[in-house]
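missing the sequence, but the structure's below:
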């Protein structure tokens, strides 16, 4: 038995690939399009960790997708949480929960999938502007 | 960057551990309880694949959790999809989408998290009672 992926539905594939790949840093591993079923599946993973994937399901006749409380978030470790969050900020991503503690941050995908970022290993020393940055919304 | 886990909220920890561990076959890797925060986190993974985890968040003052459409499912490969589904059936789990094709099945957790089971490698030859088994509900 082996974990394969977590599937999330996306209402706009360009926006989602921009978020998950260009901004968050995942890479596309595989893609499947069905003209008959009118859907596209895109499999993404962290570079160097290709086996644990996220599957994006894009229904060509999609609609906005609501969120529920039974799903919480996807979590990834990162090498430098400040650098990751600065890069996300520079690309216009809201840091809903900034890494005030040098250890943990939360952002949201365009379809409101919550993504947790965790500093690999020990927390980094606290530093500004992160230490004083307020939360935005929820995650 | 590395995938760590997918977090799901559970409204009853005993029912959830019964489903994810006793029935589905995941094992508990780690547990953290906070008396102050009144929550328990349990990290589960497929045996032999401990790094890709599911985090169960149990809030002690929990309530039923609704589902949204932005989250799709968790997916695991299994060695014999008929054996896995028979074992689930024997333990009272509804097979929402039976493996009619010898390849794919869907079930639901007690909090309605959809779980996809995929036959490892090639599909198994079609066989009864699976080939004729109807769907139940949605997934």
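Looks like it arrived, so ask away. The structure presented is a predicted model; accordingly, all values stated were derived computationally and were not measured. Numbers count the residues shown, from 1 in each chain, chains lettered A, B, ... in the order given.

Residue A:139 touches residue A:94, doesn't it?
No. Proximity of residue A:139 to residue A:94 does not meet the contact threshold set by C-beta atoms under 8 Å, at 9.6 Å. C-beta coordinates here come from the backbone N, C-alpha and C atoms, glycine included.

between those two, what contacts are shared?
For the pair residue A:139 and residue A:94, residues contacting each of them under the criterion C-beta atoms under 8 Å, 6 or more residues apart in numbering or on different chains are A:107-108.

Now residue A:88: phi and psi?
Main-chain dihedrals, residue A:88, degrees, to the nearest 10: phi -60, psi -50.

That one contacts residue A:95, doesn't it?
Yes. Counting by C-beta under 8 Å, residue A:88 touches residue A:95, with 6.4 Å between them.

hey, what's in contact with both of those two?
Both residue A:88 and residue A:95 are contacted by residue A:107, under the criterion C-beta under 8 Å, 6+ apart.

and the residue most central in space within chain A, what is it in contact with?
Within chain A, the residue whose C-alpha comes closest to the C-alpha centroid is residue A:115; the distance, by C-alpha atoms, centre = their mean, is 4.7 Å. Remark: with contacts taken as C-beta under 8 Å, 6+ apart, residue A:115 is in contact with A:24, A:73-76, A:106-109.

quick one on the thing from earlier: mind checking which of residue A:139 and residue A:94 has more residues around it?
Residue environment comparison for residue A:139 versus residue A:94 gives the larger neighbour count to residue A:139, 18 against 13, counting by other C-beta atoms under 10 Å in any protein chain shown.

Can you verify that one is assigned to a helix?
No. Residue A:139 is assigned coil when assessed by DSSP: H, G, I helix; E, B strand; the rest coil, not a helix.

related to what we said a few turns ago, the residue nearest to the centre of chain A pairs with what?
Beta-bridge pairing of residue A:115, defined through DSSP bridges, involves residue A:74, residue A:107.
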